[in-house]
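> what follows is a predicted structure for the sequence shown.
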Amino acid sequence: MNTRTMAKKYQAFNFRALDRLLDSLSKENISVATSKLIKSIGIPLTAIGVFLMFWSVLAAQVQTSLGVLPGPAKVWEQLMVLNDEHQAEREKEAAFYQRQETRNAAKLAKNPDAQIKTRPYTGQATFFDQIWTSLLSVATGFIIASLIAIPIGILTGMSETLYAAFNPIIQLFKPVSPLAWLPIVTMVVSAVYVSKDPMFAKSFLTSAITVTLCCLWPTIINTAVGVSSVDKDLINVSRVLRLPWLTRTVKIILPSSMPMMFTGLRLSLGIGWMVLIAAEMLAQNPGLGKFVWDEFQNGSSNSLARIMVAVLVIGFIGFLLDRGMLMLQRRFSWDKSAILR
Amino acid sequence: MHDQNHLELTSVTIDFPTDEGPFRALDKVNLKIHKSEFISLIGHSGCGKSTVLNIVAGLNRATEGGVILNGKEVVEPGPERAVVFQHHSLLPWLSAYANVELGVKQVFKGKKSKAEMREWIEHNLELVHMTHARDKRPDEISGGMKQRVGIARALAMQPEVLLMDEPFGALDALTRARLQDSLMEIHATLGNTVIMITHDVDEAVLLSDRIVMMTNGPAATIGEVLHIDLERPRKRLLLADDPQYNHYRSEVLKFLYERQIQPGEKDQSPQTENPDAAKPEKPAELRVVSA
């Protein structure tokens, strides 16, 4: 293309862009934009407003031994309190390390050979610490599960024999609530994971492994279905091309089963997050579940509101995890036309 | 045309296992094809045309008999027998260019440099007039364009035999006509041997050197072979009034609708060509049940 035609094209393009801009400012378009805005933001906001109203009216009717069920205002207040507690705890921690440092500095000044000790801060875990612990547990469990389940899913999807071999095992363990595994996992972790200087807390491992146990199945099954239902014509293409096994897997089978794989991963992560909270409650492992249980046992007049905060936060995090997977799917899956919800 | 029997099907028979014992889909198909010949397979649905093609492609193995290409028996699929599938079968996550590249990389690994491969891919996209959409993915282009890319992918493997399974069946009439013209052009230039399955009588007469008409299944085989002695290059508009062309057309139509009536259209189809058909076979029984 020579410069002249290019310049012409450029000009034309600019005019078109200007036109489009003017178009978009026209009255009709503005009304279209507003109605879109109302649909995408207005309706959900109204729904949330109605929900909050019902909540505050209905909750006030329920009298429990710990007072009336908290309404939205009470819950919001407790969220602030939890945040304040977290800040206070952080300040206490900073002060502790500050004191320790000055003490050690003083010791060293007196005697350069003095044995100094640095102790970690062992204050109470706040609500936000618990969130972090839970997130770490679910992420670890989920990643381990995916690393195991995706290869197994691919292999069982590709080979009838392996499918026949794995299927009864998968079908047997899939319906088992991972909470039933919890005692066994706990015992095995305590027996096997013995180290003087443990990298992870045992409770963390127990939680993560429990998550792993329930994250395996949806991923295995969906990956296997995705792999085994690759379009037969595409397989024939690879046969005609005489693609080697690895190329066939990487270039044809994996991309083609990607959407199903992601469905499995999303299901797994959702279940994993639900199960983790229950496992933490049951095993008294650090995390949001423990927070809920502790508040329940605590039984102060604020407990219900604090539990409600936890419930909402658990829901919100679950939602964010799912959105995160969805974003990954959009990023990695070729099927952009699929409507993802 | 140095080799008289470039591609040879000898007594090709295939049985598919079913719950009620083996089902004989093809029975003793014999066909000798010259180099650069354009063959159409025509017949009613379910007569095993696709099976013949798949056996030549190596995707299915014949139970008895076999296929010989250039003196060597066909035992597995390979790029020298490229297939254009009915539903384009492009990888949906790859651009037109990358789809063609997949084949080229596999076939010319170590034989062409990267630059040569790029040139070759572009040349093949050019052949099917798809250069303008080389970076588009299949879901961004029309059905006809997808089929073009599918043909480019097959041609880019530099196949000796091009196998086409109803390549234009899913397209509208105008697109189909345009692609038929492209195909004639390409065939005139490259001189590949082509076996094409079609349902379209006009398409068969227009494109082929020989039309192979198949009897109805089960145990289908070749009923008649019609030589098309029309001068090339052929022009569809001129041929429309050509008595010879219309004679060929009516020959094929007569075979399809007089001698090979679809089972169920009349009480019993004649099926004089194969004695096995007298036995009640699965599809016939199904028909009785449904009627």
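Nice, I can see it.

> mind checking the end-to-end distance for stretch B:197-213?
10 Å (C-alpha to C-alpha, to the nearest Å).

> pull out the buried positions in that stretch.
Buried residues in stretch B:197-213, defined by neighbour count with 16 or more other C-beta atoms under 10 Å in any protein chain shown: B:197-198, B:200-213. Yep, even glycine has a C-beta here, placed from its N, CA and C like the rest.

> take the residues you listed and keep only those in strands.
Within the buried residues of stretch B:197-213, residues falling in strands by DSSP state E are B:197-198, B:210-213.

> looking at these, spot the one nearest B:R81.
B:I197 (14.4 Å; C-beta to C-beta).

> surely the closest one meets B:T51?
No. B:I197 lies out of contact with B:T51 (C-beta atoms under 8 Å); the separation is 10.2 Å.

> who touches both of these two?
In terms of C-beta atoms under 8 Å, 6 or more residues apart in numbering or on different chains, B:I197 and B:T51 are not both contacted by any residue.

> what about whatever residue of the stretch 151-291 of chain B ends up closest to chain A, how many residues close to it?
The nearest approach of the stretch 151-291 of chain B to chain A comes at B:M157, 7.5 Å away (C-beta to the nearest C-beta). Using other C-beta atoms under 10 Å in any protein chain shown, B:M157 has 23 other residues around it.

> checking the closest residue to it other than its chain neighbours next. Helix, strand or coil?
Take B:M157 and drop its neighbours on the chain: the residue closest to it by C-beta to C-beta, 6 or more residues apart in numbering or on different chains is B:P79, 4.1 Å away. Classification of B:P79 using DSSP: H, G, I helix; E, B strand; the rest coil returns coil.

> which residues touch residue 69?
I'll assume chain A. Contacts of A:L69 (C-beta under 8 Å, 6+ apart): A:59-60, A:62, A:304.

> oops, wrong one, chain B.
B:6-8, B:80-81, B:160-161.

> who does it bridge with?
B:L7, B:K72 (DSSP bridges).

> picking up where we left off before, so how far is B:K114 from the residue nearest to B:M157?
19 Å (C-beta to C-beta, to the nearest Å).

> per-residue confidence for residue 198?
As the question left the chain open, I've gone with chain A. Looking at A:P198, its pLDDT is 75.

> ah, no, chain B please
92.

> mind listing what it touches?
Taking C-beta under 8 Å, 6+ apart, one finds B:40-42, B:166, B:168-169, B:204 in contact with B:T198.

> try it again with 6 Å
By C-beta atoms under 6 Å, 6 or more residues apart in numbering or on different chains, the contact list for B:T198 reads B:40, B:42, B:204.

> what do you get for A:D113?
A:D113 neighbours (C-beta under 6 Å, 6+ apart): none.

> count the residues that sit near residue 245.
I'll assume chain A. Neighbour tally, A:W245, other C-beta under 10 Å: 10.

> actually chain B
19.

> what helix or strand is it on?
helix B:243-254 (DSSP states H and E).

> by mean pLDDT, flag the weakest helix or strand of chain B.
helix B:282-290 (a mean of 37; mean pLDDT, DSSP states H and E).

> nearest to chain B, of the contacts of A:L69?
A:A59 (49.8 Å).

> hmm, back to that, from the contacts of B:L69, which is closest to A:A224?
For those, the nearest to A:A224 is B:R81 (31.9 Å; C-beta to C-beta).

> the closest one touches B:L162, doesn't it?
No. The pair B:R81 / B:L162 is not scored as a contact, 8.2 Å apart, by C-beta atoms under 6 Å.

> list, one by one, the residues from chain A near chain B.
A:233-234, A:236-237, A:239-242, A:255, A:334, A:337 (C-beta under 6 Å from any C-beta of the partner chain).

> and the residues you listed, which is the shakiest by pLDDT?
Within the residues of chain A next to chain B, lowest confidence goes to A:S337 (61).

> just the ones of the contacts of A:L69 in helices?
A:59, A:304 (DSSP state H).

> among the contacts of A:L69, which two are most distant?
It's A:A60 and A:L304 that sit farthest apart of the contacts of A:L69, by C-beta to C-beta, at 12.7 Å.

> can you give me the strands for chain B?
B:7-18, B:21-33, B:38-42, B:64-69, B:72-73, B:81-84, B:161-165, B:193-198, B:210-214, B:222-227.

> mind giving me the packing neighbours of the third one?
So the one you mean is strand B:38-42. strand B:193-198, helix B:201-207, strand B:210-214 (3 or more C-beta pairs under 6 Å, 6 or more residues apart in numbering or on different chains; DSSP states H and E).

> ok, and what's touching the second one?
I take that to be helix B:201-207. B:38, B:40, B:42, B:198, B:211, B:248-249, B:252-253.

> quick check: phi and psi at whatever residue of the stretch 51-200 of chain B ends up closest to chain A.
Residue of the stretch 51-200 of chain B nearest chain A, by C-beta to the nearest C-beta: B:W93 (3.1 Å). Backbone torsions of B:W93, given as degrees, to the nearest 10, read phi -90, psi 0.
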